[in-house]
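Asker: sequence first, predicted coordinates after that:
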Amino acid sequence: MALRTGERCCRRLAGGGRKGAGAAAPCRRPSDLARILVYAADAAMYLPILREVAPDMEIASASTRAEAMSHLDAEIVISWGLPADLAVRMPNLRWVQWLGAGVDKVVRALPEDVALTR
């Protein structure tokens, strides 16, 4: 993943594959975001790469639900399978980068102002 601080992030297109979605919702630039959570079984392997490209961001990893509970303040989540019920408990969440297919469970649960990319 090549995320560079200051790059323009995506904007969700009208409809965006989400039921009831409306016009494009702007999302904040990565440089405006401070906390990233990588949630995956092999989450630790992503940390060196992310820290290199985003040295000013606070980056945490979690490979279990219990570990993720300590990082509910994250603004960005990079995940293979973030549980939808966990995502809705993250008040600062602005962007979910999904690392695989099958976003159906989480896409229905995310608030409209949270960008979802795959």
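Answerer: The structure has been received and is ready for your questions. All figures in this text were calculated on a predicted structure; none of them were measured in a lab.

Asker: and Ile59, what helix or strand is that in?
Answerer: strand 58-62 (DSSP states H and E).

Asker: list the buried residues in the helix or strand following that strand.
Answerer: Under the assignment DSSP H and E, the closest C-terminal helix or strand after strand 58-62 is helix 65-68. Buried residues in helix 65-68, counted by 16 or more other CB atoms under 10 Å: Ala68. Every residue, glycine included, has its C-beta placed from N, CA and C.

Asker: from the chain's centre, how far out does helix 65-68 sit?
Answerer: How far helix 65-68 lies from its chain's middle: 15 Å, per CA atoms, centre = their mean, to the nearest Å.

Asker: let me see the contact set for the closest residue in space to Asn92 that isn't next to it in sequence.
Answerer: Counting by CB to CB, 6 or more residues apart in numbering, Glu75 is the residue found nearest to Asn92 once chain neighbours are left out, at 4.8 Å. Neighbouring residues of Glu75 by CB atoms under 8 Å, 6 or more residues apart in numbering: Leu33, Ala34, Arg35, Ile36, Asn92, Leu93, Arg94, Trp95.

Asker: list only buried entries from those residues.
Answerer: Counted by 16+ other CB under 10 Å, the contacts of Glu75 give Leu33, Ala34, Arg35, Ile36, Leu93, Arg94, Trp95 as buried.

Asker: separation between the residue nearest to Asn92 and Val114?
Answerer: Between Glu75 and Val114 the distance is 10 Å, computed by CB to CB, to the nearest Å.
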